[in-house]
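Visitor: Sequence first, then the predicted structure, then my questions.
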Amino acid sequence: MTHEVRRIVPHATDGVADADTVTWTRAMLAAFLRPRVEPGDLARAAADLVGSRLRGVYETADPAPVATLRSWDSRMSVPGGEVTVDAVTAIGVRATHRRRGLLRAVLVDDLAEAARTGTPIAALTSTQGALYERFGFGLASWNRALRLDTRAAAFRVPEATGRLRTLEPATLASAAAPVQDRARRRHPGSMDRGEASWAALMTGVNLFGGLRPDPVRHAVLWSDATGRPGGYVVYRVAQDWAGGSGEIAVLDLQATTPESYRELWRHLASLDLVGAVTWGDASTDEPLPWLLTDPRAAAPGASREMLWLRILDVPGALGARRYPVTEQIVLAVDDPAGYAAGTWLLDTTDPVEPRIVTTTAEPDVALDAPALGSLYLGGVDPRVLARAGRLEERTPGAAGRLARLVAAPTVPWNGIRF
Ligand SMILES: CC(=O)SCCNC(=O)CCNC(=O)[C@H](O)C(C)(C)COP(=O)(O)OP(=O)(O)OC[C@H]1O[C@@H](n2cnc3c(N)ncnc32)[C@H](O)[C@@H]1OP(=O)(O)O
């Protein structure tokens, strides 16, 4: 059977997606074992895909794809700035067609287009850990679960400051998006949220969730004494208080200042009828325990991998971020796909415009494309990669020099699964 990768540009009329997009969406959901959805609902929900790039692998006789991939351009914060990334998701292969190279076909096609159009990095989150390194992706950030025992939580600053206001689904995006845009600059790896993602955050309606509304979601905006919004939190009632003590699950919490962060947590800790607040996608360095008289009231849980990054254009990617020290270091990058391959001088003598050029000089460090993706946001120490044999120090001490160079002001964090 012959296969062909085809691209679909989704469009919608009166809120209903075109037939190709609906067929693509049905195939994608089946590959992820999602519940079947009523056709009218599916056609309306698929309209959210407008603006995305959809790819399908088609067998010539069948209108439904046997493999799917969705991507779009997203803005991702990096130390000292931000960069456009090719955000990749919804890679699914029909259960009857696995292990025949269809994931490879559809992803290779997407990466080639991203590189051709000058997008320097591709980013994804993965259902499985062993899939994407072979395509040049390196693990670059982790999230960590957090659980606050609200009955044990007393704040070191006892008095609340600022003002809280509840947000309705209709007002969430307009009130919270400017806050998220400022807050995400504080964390490398943090990504912007599209219109559909804001709506799904508040209603719970999303393709993967079977389009069922979640009526127990709430949102609160915090503003400072001057009325300037500084942070918001969206949460759901994970366990009703009828069981004795309720539990709240944070879905998103973004704060632009230490004060807004503290006051949002104070709000969560003060909710009546609630014994615990959990957050599955907190960062690995939440300040919460330091706000409390008893830090044990905030217990960290398991961490799990989040962002995988694939560098497609070395000068474009490394040139988009800033570096904390002046350095000149030569990196030999091995990349069988070719995108990042070469020997590169990274020269940060000019702190505003780092220079990244190919060179014939002897490398200080040799690494592969996934390792470069892992180092990019500053969340992985090159010395650890050297100890794992994943990075070779050709000049003594070079891994340490590289560690100081790629260090970021805060650990990478992206709270938005995609
Ligand atoms: C970014 C995201 O969307 S993550 C979501 C991934 N999708 C899912 O989990 C949905 C359910 N699973 C599936 O749809 C499929 O099994 C997929 C997408 C994971 C794999 O699709 P396939 O078409 O079978 O993969 P394909 O045959 O192209 O394999 C490509 C390579 O990955 C390897 N591979 C495929 N699946 C796995 C796996 N589960 N574990 C380890 N390696 C794997 C193959 O061996 C092959 O390696 P090679 O090229 O080095 O020899």
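Guide: Arrived safely.
Visitor: Around R296, count how many other residues there are.
Guide: Residues lying near R296 (other C-beta atoms under 10 Å) number 9. Using the backbone N, CA and C atoms, a C-beta is placed for each residue, glycine as well.
Visitor: So it, which state does it fall into?
Guide: helix (DSSP: H, G, I helix; E, B strand; the rest coil).
Visitor: what's the spacing between it and I121?
Guide: Separation of R296 from I121 (C-beta to C-beta, to the nearest Å): 39 Å.
Visitor: how about the helices in the stretch 51-200 of the chain?
Guide: Counting by DSSP state H, counting those that start in this stretch, the segments of the stretch 51-200 of the chain that form helices are 102-116, 169-183, 195-203.
Visitor: Next, format those as a markdown table and append mean neighbour count and distance to the ligand.
Guide: As requested, the helices of the stretch 51-200 of the chain are arranged in a markdown table below (neighbours: other C-beta atoms under 10 Å; distance: least, C-beta to the nearest ligand atom, whole Å):
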| stretch | mean neighbour count | distance to the ligand |
| --- | --- | --- |
| helix 102-116 | 18 | 3 |
| helix 169-183 | 17 | 23 |
| helix 195-203 | 18 | 16 |
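Visitor: Go through those helices and name the closest to L391.
Guide: L391 lies closest to helix 102-116 among these, at 22.9 Å (C-beta to C-beta).
Visitor: coming back round to it: what would the helices of the stretch 51-200 of the chain look like in TSV with mean pLDDT?
Guide: As requested, the helices of the stretch 51-200 of the chain are exported to TSV (pLDDT from 0 to 100):
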stretch	mean pLDDT
helix 102-116	98
helix 169-183	95
helix 195-203	92
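Visitor: Off-centre distance for stretch 410-418?
Guide: Per C-alpha atoms, centre = their mean, to the nearest Å, the displacement of stretch 410-418 from the mean C-alpha position of its chain is 5 Å.
Visitor: how about the CA coordinates for that stretch, as CSV?
Guide: Taking C-alpha atoms only, stretch 410-418 is exported to CSV below (Å, rounded to 0.1, in the frame of the first residue of the first chain):
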residue,chain,number,x,y,z
THR,A,410,15.1,30.6,36.9
VAL,A,411,14.6,26.9,36.2
PRO,A,412,12.7,26.3,32.9
TRP,A,413,9.0,25.8,33.4
ASN,A,414,6.0,25.5,31.1
GLY,A,415,2.7,24.9,32.9
ILE,A,416,0.7,24.3,29.7
ARG,A,417,0.5,20.7,28.4
PHE,A,418,0.0,20.5,24.7
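Visitor: which residues make contact with it from outside it?
Guide: Residues lying outside stretch 410-418 but in contact with it, judged by C-beta atoms under 8 Å, 6 or more residues apart in numbering, are 74, 76, 87, 89, 124-125, 140-141, 143, 186-191, 193, 197, 252-254, 281-285, 306-307, 377-379.
Visitor: Which members of those come out as buried by neighbour count?
Guide: Under a neighbour-count criterion of 16 or more other C-beta atoms under 10 Å, the subset of these counted as buried comprises 74, 76, 87, 89, 124-125, 140-141, 143, 187-191, 193, 197, 252-254, 281-284, 306-307, 377-379.
Visitor: contacts for the helix or strand of the chain with the lowest mean pLDDT?
Guide: For the chain, using mean pLDDT, DSSP states H and E, the weakest element among its helices and strands is helix 195-203, scoring a mean of 92. For helix 195-203, the surrounding residues in contact (C-beta under 8 Å, 6+ apart) are 48, 167, 169, 172-173, 176-177, 193, 205-206, 213-214, 217, 219, 234, 251-252, 416, 418.
Visitor: part of a helix, is T226?
Guide: No: assigned with three-state DSSP, T226 falls outside any helix and is coil.
Visitor: any idea how far L253 is from it?
Guide: Using C-beta to C-beta, one obtains 22 Å as the distance from T226 to L253.
Visitor: For the closest residue to the ligand within the stretch 151-300 of the chain, give me its contacts.
Guide: Proximity of the stretch 151-300 of the chain to the ligand (C-beta to the nearest ligand atom) peaks at F208, 10.9 Å away. The contact partners of F208, by C-beta under 8 Å, 6+ apart, come to L29, F32, R34.
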